[in-house]
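I would like the atomic coordinates for the input below:
(chains A and B)
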Amino acid sequence: MEKDIVNIGKSVVIKGELNGSEDLTIEGHVEGTIQLKEHVLTIGPNGRIKAQVFAKSVIVLGEVTGNVTASDKVDIRDNGSVDGDIVSPRVAIAEGAHFRGSVDMQRKAGGAPQQAAKPAQPQAAAAAPQQPAAQPAAGAPQRVGA
Amino acid sequence: MGLLDRLAPRKNEPDVRPVGPASGPVDDPVFATKALHKFLQTLTSRELPVLLDLGPVVGSNVSYFGEQLGCKIFVEDIFADVDRHVRDGKLDQFAEFLAKRFPQADGEVDGILCWDLIDYLDRPAAQALATQLTRVLRPDGALLGFFGTAAPQDARYTKFIIVDDVNLKHRSYAATRGRQAILLNRDIIKLFSGLRVSDSFLLKNNLREILFRKPA
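All right, here's what the predicted structure looks like:
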């Protein structure tokens, strides 16, 4: 079955609450709240988000300022940037990604917006060196006793 | 699950060894660490440990602490703050900045990875940082710091990537300033006067590794 994927283009600016029941890719600007509880949200390389984000999975290639809550996984790719707190059972951060905030993999993700953590702080200077992307697993610590 | 079962098994490996192809994309040197194991024990002794990492974000470290040890992790890249202040010509305000930098509450953090950050700071900034870290650390919490013992060289920072509980991989990257000075033991102890030295090791790569604990 073909999966629905919606794109928000580069020139689109949305302010307010964005709800959906299909996968979504954002290349434009969104401010407010994004909820895709059962679906995948992709912030494209041109995407600029200032919002509280709730989704099943979140893939970040652009910039997110705000807290991100995912019931499955948050994946910050090379050159992706997140300034905010992440709550998700799985988090992958690539070499060359920027992240500032906290990561909580234990707390149950998927709370309603009003249960969100504190708003993210203003963005600090971009910090991460721009290096070739590495698989998150590369050089990963040995996993034992899981 | 036992406390030590949550940690990787101890390895009898030399202090320096080449990294095999399966270990990572580049030939990052690997160094044995003697204090990390004890630091991890402090974290695993807590139900939901809170970790403060002062270095740049390292994905595999986040996975290790978050997934394997069940930590909540605060990533506060102070090296990036140093760079920003150097670029803006505001390094003289850095101590003041650090005094207000950390949003964590008093005693909120179980463990702090300070890495070799202190080496890159001027004395007032180092003191402001040490005061703040002492504040946010809970009683009996641990702070792991590295301190250079060799003459400062070129301007490079180091990312410390955890291989297991006794090995760290080092990856250097460009910095806007180099190490400022070699601190003597007494200077380090004076900086962290609110903490006590639990363990101190001189590693073969000329780093002094110190594990501090906050008195209960």
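
tell me, how many neighbours does B:Ser200 end up with?
Neighbourhood size, B:Ser200 [other Cβ atoms under 10 Å in any protein chain shown]: 16. In this view, the C-beta of every residue, glycine as well, is placed from N, C-alpha and C.

brain fart, B:Leu40
For B:Leu40, the count of nearby residues is 28 (other Cβ under 10 Å).

Wasn't it part of a strand?
No: using DSSP: H, G, I helix; E, B strand; the rest coil, the assignment for B:Leu40 is helix, not a strand.

measure it to B:Leu129 for me?
From B:Leu40 across to B:Leu129, the span is 23 Å (Cβ to Cβ, to the nearest Å).

measure stretch B:145-159 end to end?
Taking Cα to Cα, to the nearest Å, the first and last residues of stretch B:145-159 lie 13 Å apart.

which outside residues touch that stretch?
Stretch B:145-159 is touched from outside by B:55-56, B:58, B:79, B:114-120, B:160, B:170-183, B:188, B:202, B:206-210, B:212, with contacts defined as Cβ atoms under 8 Å, 6 or more residues apart in numbering or on different chains.

Which of those fall within strands?
B:114-115, B:160, B:170-174, B:202, B:207-210, B:212 (DSSP state E).

Which among these count as buried?
B:114-115, B:160, B:170-171, B:207-210, B:212 (16 or more other Cβ atoms under 10 Å in any protein chain shown).

hey, which helix or strand in chain B has the poorest pLDDT?
strand B:16-17 (a mean of 40; mean pLDDT, DSSP states H and E).

That strand: what's the following helix or strand?
strand B:30-32 (DSSP states H and E).

Each with direction, which strands does that next one pair with?
Strand B:30-32 has its sheet partners listed here by DSSP bridges as strand B:16-17 (antiparallel), strand B:167-174 (antiparallel).

least reliable of those going by mean pLDDT?
Here the strands paired with strand B:30-32 differ in mean pLDDT, and the lowest is strand B:16-17 at a mean of 40.

Any idea how many residues pack against the closest residue in space to B:Glu67 that isn't next to it in sequence?
Spatial nearest neighbour of B:Glu67, excluding adjacent residues (Cβ to Cβ, 6 or more residues apart in numbering or on different chains): A:Met105 at 5.9 Å. Per other Cβ under 10 Å, the neighbour tally for A:Met105 reads 23.

for chain A, longest strand please?
Chain A, longest strand under DSSP E: strand A:29-43.

Poorly predicted segments of chain B, please.
Counting by pLDDT under 70, the ranges of chain B that qualify are B:1-26, B:152.

tell me, what residue is most central in it?
The residue lying closest to the centre of chain B (Cα atoms, centre = their mean) is B:Trp115, at 2.4 Å.

how many neighbours does the residue nearest to that residue when sequence neighbours are not counted have?
Leaving aside its chain neighbours, B:Trp115 sits nearest to B:Gly55 (4.8 Å; criterion: Cβ to Cβ, 6+ apart). By the criterion of other Cβ under 10 Å, B:Gly55 has 23 neighbours.

where's stretch B:150-158 relative to the chain centroid, distance-wise?
Counting by Cα atoms, centre = their mean, to the nearest Å, stretch B:150-158 is centred 16 Å from the centre of its parent chain.

same thing with stretch B:206-214?
Relative to the centre of its chain, stretch B:206-214 is centred 9 Å away, using Cα atoms, centre = their mean.

and what of stretch B:195-210?
Between the centre of stretch B:195-210 and the centre of its chain there are 12 Å (Cα atoms, centre = their mean).

what's that stretch in contact with?
Counting by Cβ under 8 Å, 6+ apart, B:15-16, B:29, B:31-35, B:38, B:116, B:134, B:137, B:142-150, B:170, B:185, B:188-189, B:211-215 sit against stretch B:195-210.

residue contacts, B:Ala128?
B:Ala128 touches B:94-96, B:98-99, counting by Cβ under 8 Å, 6+ apart.

hmm, back to that, relative to B:Gly66, which of the ones in strands among the contacts of stretch B:145-159 is nearest.
Nearest to B:Gly66 among the ones in strands among the contacts of stretch B:145-159: B:Phe160, at 16.7 Å, using Cβ to Cβ.

which residues does that closest one contact?
Counting by Cβ under 8 Å, 6+ apart, B:Phe160 has contacts B:55, B:58, B:61, B:113, B:115, B:146, B:168-170.

Tell me the buried residues within the contacts of stretch B:195-210.
Buried residues within the contacts of stretch B:195-210, counting neighbours by 16+ other Cβ under 10 Å: B:31-33, B:35, B:38, B:116, B:134, B:137, B:142-148, B:170, B:188-189, B:211-214.

For B:Ser172, list the residues it contacts.
B:156-159.

can you do 10 Å?
A:129, B:28-29, B:154, B:156-159 (Cβ atoms under 10 Å, 6 or more residues apart in numbering or on different chains).

Give me the distance between it and A:Val60.
Here B:Ser172 is placed at a distance of 26 Å from A:Val60 (Cβ to Cβ).

In the longest strand of chain A, which residues are buried?
So, applying 16+ other Cβ under 10 Å, buried residues of strand A:29-43: A:29-31, A:33-36, A:39-43.
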